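Peer 1: I'd like to go over a predicted model; first the sequence, then the structure.
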Amino acid sequence: MTGASAAVIADGTTVEELNAAVGAAQSAFEGGRTAEPATRAGWLEAVAAGLEQDAATLVGIAARETHLGVPRLEGELKRTVFQLRLFAAEILQGEHFDATIDHADPGWGMGPRPDLRRWNVPLGVVGVFGASNFPFAFSVMGGDSASALAAGCAVVHKAHDGHRELAARTAQTVTSALEAAGAPSGLFSLVSGRRAAEALVDHPLVKAIGFTGSTAGGRALLDRAAARPEPIPFFGELGGINAVFVTPNAWAARREEILTGYAASFTLGMGQFCTKPGLLFVPAAGSGEVQSTLAGALADFAPAQLLSERLHAGYGDAVRRLCASNGVEVLLEGDFAAAPAPTVLRTTAGAVRRDPGILRQEMFGPASLVVEYVDEAELPGLAGLLEGQLTTTLQAEEHDDVAGLAARLTDISGRVLWNGWPTGVTVSYAQNHGGPYPATTSATTSVGTAAIRRFLRPVAYQSFPADRLPEPLRDSNPWNVPQRVDGVWRRPSDASAGALAGAGDELGGQL
């Protein structure tokens, strides 16, 4: 470990050091902003290769700091490497530039049109806050950092206190790889500590923030970003309850299957996934059977430690608080040991209508709440009591009329599932990992290739000389990117299209 990395772990970053890191990032951004796609893709490939080469050391540190198992961490690191390479391929395709050319047209319908050309440019320096529950996929070189670099931005990453040694080692691997690949010095850097976190959000050269974490922490940073003299975008993923709705027909046909899948999903990773199903709406048909089926499904469950003592304490507080709500009872009793056994609570539709707050309590750990309803017609109204969700799920049969419920779930969700479980978030082109507040603070995704567009903004050039236009806006199209010319898309041939299609499916279950 380098001396600088050791200092990050031991002492945190001073405001002066943070200012220097941001200044270096701004210089790197300015030096690298015109890099052609192949060059930038090469930088991401170099980082991916560096992480692969350092995998054994990184996974060993992660296992020690986070209590997560080695197989899980190896899969998560593999996913992270895949994501970098997918973004590199996306850069080469160039669709994120949205290059649009309107040639001058004296006969344009609303009067003569000048030559106009628009494309997306990177925002600048991006501050990224890592998450504790995914020390690779949503941390130092996770989705926010990778997509910001892919967009052409520079990144200053604030290390999560839950795995500071891993953060330092990962940052060392990343910066070494970028340096070897010829990227501008300062394009990526690591800071730590509260002073640095606040100064990062406040710094006038920082043009956007990416965040994955708690609702309270995210909201505080969102408000701080909005209160700046120059407010900046805050792309925060704050979590969610991820409700699952089971129709009477599905319950009758697949009750045991549904409960078994639910048990596996809400306990996956000790319930420390942002997409854990925290609510299960089922027909009221005998709690005893539900209890016995869940107990059987969880009979072989092997508890493990939670990520940190702070999260363990918060988990216990959340479960106890929900247990104390009127109308909530324990269906399957767990515990709050160092490696806690799962807890399942039960309530009714009537109770949550009287107190919708019951549906809004996240229990970050191996616990979930079953809500029993009497009539299927209640479901759209019950969905209406929910806040914004990362995911919602329909467990239904083909002939069920759930159009009204599905429409309501679309209104409040970033991803709606049919007869599945939400804890798999594959990295792909169509993925959306977001949702209305408080799931996230924006109408964007933090997973998948569309995540790159968060860190871009459009700029139009009017009547510019041809040789002064950015390459994607020239008629000669030297970067060979898709262009919309006078309203018609022209797409260059791309031998790599689809080369990575489906390659990330095997990693989808890691989130």
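Peer 2: Arrived safely, thanks for sending.
Peer 1: in the chain, which helix has the most residues?
Peer 2: As assigned by DSSP state H, the longest helix anywhere in the chain is helix 70-93.
Peer 1: Mind checking what secondary structure Val371 has?
Peer 2: When classified by DSSP: H, G, I helix; E, B strand; the rest coil, Val371 comes out as strand.
Peer 1: okay, now it: neighbour count?
Peer 2: Here the number of neighbours of Val371 (other Cβ atoms under 10 Å) works out to 23. Quick note: C-beta positions are derived from backbone N, CA and C, even for glycine.
Peer 1: Could you measure from the residue lying closest to Leu279 once chain neighbours are set aside over to Glu362?
Peer 2: Leaving aside its chain neighbours, Leu279 sits nearest to Ala243 (4.1 Å; criterion: Cβ to Cβ, 6 or more residues apart in numbering). Ala243 sits 12 Å away from Glu362, going by Cβ to Cβ, to the nearest Å.
Peer 1: which residues are contacting the stretch of helix or strand Thr393 belongs to?
Peer 2: Per DSSP states H and E, Thr393 falls inside strand 389-395. Strand 389-395 is contacted from outside by 237, 239-247, 250-251, 254, 258, 274-275, 277, 383, 386, 402, 405-406, 409, 412-422, 433-436, 439-440, using Cβ atoms under 8 Å, 6 or more residues apart in numbering.
Peer 1: among those residues, which ones are buried?
Peer 2: Buried subset of those (neighbour count, 16 or more other Cβ atoms under 10 Å): 237, 239-247, 250-251, 254, 258, 274-275, 277, 383, 386, 402, 405-406, 409, 412-417, 421-422, 433-436, 439-440.
Peer 1: Which members of the residues you listed occur in strands, if any?
Peer 2: Mapping the buried ones among the contacts of strand 389-395 onto strands (DSSP state E) picks out 237, 243-246, 413-417.
Peer 1: Minimum pLDDT in those, which residue is that?
Peer 2: Lowest pLDDT within these is found at Glu237 (94).
Peer 1: got the contact list for it?
Peer 2: Residues in contact with Glu237 (Cβ under 8 Å, 6+ apart) are 211-213, 218, 274, 390, 433-434, 439-440, 446.
Peer 1: Just the C-alpha atoms of the longest helix of the chain, please, in PDB.
Peer 2: Extracted as PDB, the C-alpha positions of helix 70-93 are listed here (Å, rounded to 0.1, in the frame of the first residue of the first chain):
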ATOM      1  CA  VAL A  70     -15.400 -14.900  -1.000                       C
ATOM      2  CA  PRO A  71     -17.700 -16.400  -3.800                       C
ATOM      3  CA  ARG A  72     -20.000 -13.400  -3.500                       C
ATOM      4  CA  LEU A  73     -17.100 -10.900  -3.700                       C
ATOM      5  CA  GLU A  74     -15.500 -12.700  -6.600                       C
ATOM      6  CA  GLY A  75     -18.800 -12.600  -8.500                       C
ATOM      7  CA  GLU A  76     -19.200  -8.900  -7.700                       C
ATOM      8  CA  LEU A  77     -15.700  -8.000  -8.900                       C
ATOM      9  CA  LYS A  78     -16.300 -10.000 -12.100                       C
ATOM     10  CA  ARG A  79     -19.500  -8.000 -12.600                       C
ATOM     11  CA  THR A  80     -17.500  -4.700 -12.000                       C
ATOM     12  CA  VAL A  81     -15.000  -5.700 -14.700                       C
ATOM     13  CA  PHE A  82     -17.700  -6.700 -17.100                       C
ATOM     14  CA  GLN A  83     -19.400  -3.300 -16.600                       C
ATOM     15  CA  LEU A  84     -16.200  -1.400 -17.400                       C
ATOM     16  CA  ARG A  85     -15.800  -3.300 -20.600                       C
ATOM     17  CA  LEU A  86     -19.500  -2.900 -21.500                       C
ATOM     18  CA  PHE A  87     -19.100   0.900 -21.100                       C
ATOM     19  CA  ALA A  88     -15.900   0.800 -23.200                       C
ATOM     20  CA  ALA A  89     -17.900  -0.900 -26.000                       C
ATOM     21  CA  GLU A  90     -20.600   1.700 -25.600                       C
ATOM     22  CA  ILE A  91     -18.100   4.600 -26.000                       C
ATOM     23  CA  LEU A  92     -16.900   3.100 -29.200                       C
ATOM     24  CA  GLN A  93     -20.500   2.900 -30.600                       C
END
